[in-house]
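Q: just a sequence and a predicted model for now, questions to come.
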Protein chains: 4
Amino acid sequence: MALVFSSGSATSGPRSASKILNAARDVLSAQGYPALTIEAVAAAAGVGKTTIYRWWPSKEALVADALAEIFRADEIPDLGDTHAELRQAVDMTIDNYTNEDMATALPALAASLLPHPELMTRFRETFLHRKRENIAAALHRGIQRGDLPDDLDTDLVQDIWAGTILYRRLMTGSPLDTDLAEHLVQLTTKAPPLLPRRESPRTSR
Amino acid sequence: MALVFSSGSATSGPRSASKILNAARDVLSAQGYPALTIEAVAAAAGVGKTTIYRWWPSKEALVADALAEIFRADEIPDLGDTHAELRQAVDMTIDNYTNEDMATALPALAASLLPHPELMTRFRETFLHRKRENIAAALHRGIQRGDLPDDLDTDLVQDIWAGTILYRRLMTGSPLDTDLAEHLVQLTTKAPPLLPRRESPRTSR
Amino acid sequence: MALVFSSGSATSGPRSASKILNAARDVLSAQGYPALTIEAVAAAAGVGKTTIYRWWPSKEALVADALAEIFRADEIPDLGDTHAELRQAVDMTIDNYTNEDMATALPALAASLLPHPELMTRFRETFLHRKRENIAAALHRGIQRGDLPDDLDTDLVQDIWAGTILYRRLMTGSPLDTDLAEHLVQLTTKAPPLLPRRESPRTSR
Amino acid sequence: MALVFSSGSATSGPRSASKILNAARDVLSAQGYPALTIEAVAAAAGVGKTTIYRWWPSKEALVADALAEIFRADEIPDLGDTHAELRQAVDMTIDNYTNEDMATALPALAASLLPHPELMTRFRETFLHRKRENIAAALHRGIQRGDLPDDLDTDLVQDIWAGTILYRRLMTGSPLDTDLAEHLVQLTTKAPPLLPRRESPRTSR
DNA sequence: CTGTAAGCGAGACGGTACGTCCCGTCTTGAG
DNA sequence: CTCAAGACGGGACGTACCGTCTCGCTTACAG
């Protein structure tokens, strides 16, 4: 993922981009988000502040690029097993939020982008789009196999998955364990829970 | 809700507490979270900075108290209709995150409290505990009525509800409409998706 | 001379004014005018930059006040001896420009004020007015005694004295010794003025 | 005058020397000395910063060369009239300091060179030496004609002339008019010198 | 002709200082 | 005696230039 928040053209990227992004993550891990100042990153990277400001318009953009590099959005391989694939999808999301830096910084980042719709859009595309596409592909395979309902709302499924995980991380502090993962998967596969406008087809509790 | 983040004894509350908390919300609404500085609140409240620092140890504590006053955690009345009660619970959560100030400031607040477990605990108790108790009461009524499974994981239900709503507000920007509310309610009432620790009874994957 | 370039009211002057002005002169002496930065003065004074900027609008104003405190503008006592009084006047001027800090910083200061007529006016009044008044008083005593011509242009006399001294200090580097002082005095009192090393007071050319 | 402050050999001068020196004066006239930065000159000259640094070691050296090109140091022609020749000498000095750029930049330049004796020496030679030689020649003609005292201190005369003019320009802001010029000339030739607005009473040249 | 190296424009780079904003603490003066 | 007003030491902001450093691109001379 190539510096989508940097203002540099794709080709003439900053010479010290990786030095800077690594330093940003180092500072984040070592001292936490509040200590993640541009000056601290510049010092940690052995770089002038100017160089950072030359390529990233704000701390937010820098953090976004730094996190984007470690945000997992893997393709889900076709395992022939819908349940296994969905577990892999959920586990990937859990991984993303279990990562200390990500959990610390992502919500702060999202919160600080909220008032800037244009940046928010870039943020969504960078962080979420690819991941959601990949998971949607797995869900569609499940539908074609007949393991999932035809009219499954793949966006809602993903909102529930990621939302629940984020919420536990951010608000309740409940554990993100295999139990949770399994629950979230079964939420999709079992019964008719996520079918829009249906009269519970195969449901006979 | 009484100033749980303030360091003052419950009785000898600050004389200008409400002036200050109102000013905090005014600044938040008018100029956004980044502009919500102690100095700005003091100026808006016509109060010395000292007075604010006397009662709240940090900007976070002040914001927490300011938000706590407008965070809805109503008791769900016994309507005799499980579905209606659950909709009321979900709608209340949606209301909380639809409020502009809340949506702006709550995630930022939570993110900034993450590294301070002790404050985080206070935060959870203040904001979530009462609301969750009230919703749990409604869920238990549903269980007793036989409308919901005996072993429903009421915590997980609430994590899913609030998580999905927060996630859409914070990350995807998708609408929080009645469709979503209905989906979230049906997720709980229909089929067996949210039963904890089961060996997926009638499922042959 | 009380902080004429500071923006504080005369009464509520900065608490750390003298600490700051001393630090400014220390930095000037130790490291020279180019190193005389606001940050360096703040550090040397053990003071925040803010405190300096609160009271002085610019480095120039600060330097002006710092120099004003050591700029000599003494009253010339009535010695009954015109020649002695004028020597005292010239010596005072030489003293001012012999002082290393003054010689270094005054011309730089004046040069940097040139484009700001309003500041330049304040500068003139602060630095020159009192001194010139005092010297003019001595000159007028000389006129009344009949030692100096009735229509002596006291401004021009002073411009010549100070100008020659400044010019030597700034441009030619020639020494500012008693010879020069005597020449400058005799320029006013006697003719012909520009003969080197002579005793011959009223020597017919 | 050939780039005495440039570090290039006289022969292999910079191709764009005049472009750069003109640009320097343009910036000086248009935006003042504080805005006279290397980057601004480079931009105005359509030249890379490197090119400037290749030939001039510092901003001071560049400014010195730029000013040297417009600093008047003409030979005083033998007019057969001492008074007229001296007026020409004084007028030339006044011209030099009446020029807006010169008055702005020369004192700043001299002040900034003060702590660098080696550069200061080069500066004096470049700017002053030729001019002083030429004026000294005129003074010597006056001595030979018997219009000036045999033992006139030609250096002191020039220090007084230039010093008074510089001082008025830099410090008092008094006008540099023909009255002043005449006074300064008469200071050398006659006594008593410092009477204002006289019709040269005892003067029958 | 043509290669090749010096001179050049452009501007990235590590830095320093700027002047501002806000922090959290301390001091003062009016009611 | 309280408390608004705000001075204080400090840290980070985002900007402007500094002087150094690659980059390719002329361009002019040597082969």
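A: Right, received. Where do you want to start? Residues are numbered from 1 along each chain as shown, chains lettered A, B, ... in the order given.
Q: what residues does chain A have near DNA strand E?
A: Where chain A comes near DNA strand E, counting by C-beta under 7 Å from any atom of the strand, the residues are A:12, A:14-16, A:19, A:46-51, A:54-55. C-beta: built from backbone N, CA, C; applies to glycine.
Q: Throw the residues you listed into JSON lines and include secondary structure and neighbour count, thanks.
A: Shown next, in JSON lines, are the residues of chain A next to DNA strand E (DSSP: H, G, I helix; E, B strand; the rest coil; neighbours: other C-beta atoms under 10 Å in any protein chain shown):
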{"residue": "A:Ser12", "secondary structure": "coil", "neighbour count": "7"}
{"residue": "A:Pro14", "secondary structure": "coil", "neighbour count": "19"}
{"residue": "A:Arg15", "secondary structure": "coil", "neighbour count": "11"}
{"residue": "A:Ser16", "secondary structure": "coil", "neighbour count": "17"}
{"residue": "A:Lys19", "secondary structure": "helix", "neighbour count": "16"}
{"residue": "A:Gly46", "secondary structure": "coil", "neighbour count": "10"}
{"residue": "A:Val47", "secondary structure": "coil", "neighbour count": "17"}
{"residue": "A:Gly48", "secondary structure": "coil", "neighbour count": "12"}
{"residue": "A:Lys49", "secondary structure": "helix", "neighbour count": "13"}
{"residue": "A:Thr50", "secondary structure": "helix", "neighbour count": "9"}
{"residue": "A:Thr51", "secondary structure": "helix", "neighbour count": "17"}
{"residue": "A:Arg54", "secondary structure": "helix", "neighbour count": "13"}
{"residue": "A:Trp55", "secondary structure": "helix", "neighbour count": "21"}
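Q: which two among those are spaced furthest apart?
A: Largest separation among the residues of chain A next to DNA strand E by C-beta to C-beta: A:Ser12 and A:Gly46, giving 21.4 Å.
Q: on that earlier part again, pick out the lowest-pLDDT one from the residues of chain A next to DNA strand E.
A: The member of those with the lowest model confidence is A:Ser12, at 45 (criterion: pLDDT).
Q: how about residues contacting stretch A:131-149?
A: Outside stretch A:131-149, the residues within contact range by C-beta atoms under 8 Å, 6 or more residues apart in numbering or on different chains are A:71-76, A:78, A:82-83, A:85-86, A:88-89, A:92-93, A:150, A:152, A:154-155, A:157-158, A:188-189, A:192, A:194-195, A:201, B:205.
Q: which ones among these lie within strands?
A: The subset of these located in strands under the criterion DSSP state E is empty.
Q: of those residues, which belong to helices?
A: Among the contacts of stretch A:131-149, the ones falling in helices (DSSP state H) are A:82-83, A:85-86, A:88-89, A:92-93, A:154-155, A:157-158, A:188-189.
Q: which among those residues count as buried?
A: For the ones in helices among the contacts of stretch A:131-149, a neighbour count by 16 or more other C-beta atoms under 10 Å in any protein chain shown gives the buried set as A:82-83, A:85-86, A:88-89, A:92-93, A:154, A:157-158, A:188-189.
Q: what would those look like in TSV with pLDDT and distance to chain D?
A: Putting those into TSV (pLDDT from 0 to 100; distance: C-beta to the nearest C-beta, whole Å) gives the following:
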residue	pLDDT	distance to chain D
A:Thr82	95	63
A:His83	95	64
A:Glu85	97	58
A:Leu86	97	59
A:Gln88	97	55
A:Ala89	98	53
A:Met92	97	49
A:Thr93	96	50
A:Thr154	94	55
A:Val157	96	56
A:Gln158	97	51
A:Thr188	85	60
A:Thr189	80	65
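Q: and these, which is closest to B:Ala42?
A: A:Thr93 (42.1 Å).
Q: what separates the lowest-mean-pLDDT helix or strand in chain A from the chain centre, distance-wise?
A: The weakest-scoring helix or strand in chain A, judged by mean pLDDT, DSSP states H and E, is helix A:117-124 (a mean of 87). Taking C-alpha atoms, centre = their mean, to the nearest Å, the mean C-alpha location of helix A:117-124 is offset from the chain mean by 14 Å.
Q: quick one: low-confidence parts of chain A?
A: Within chain A, the stretches falling below the threshold (pLDDT under 70) are A:1-13, A:190-205.
Q: show me what from it comes close to chain C.
A: Applying C-beta under 8 Å from any C-beta of the partner chain, one finds that chain A does not approach chain C at all.
Q: right, is stretch A:58-65 up against DNA strand F?
A: Yes - for a cut-off given as C-beta under 7 Å from any atom of the strand, stretch A:58-65 has contacts with DNA strand F, namely A:Ser58, A:Lys59.
Q: actually stretch A:118-129, not the one I typed
A: No - contact of stretch A:118-129 with DNA strand F (C-beta under 7 Å from any atom of the strand) is absent, the minimum separation being 13.2 Å.
Q: how long is that stretch end to end?
A: One end of stretch A:118-129 sits 15 Å from the other (C-alpha to C-alpha, to the nearest Å).
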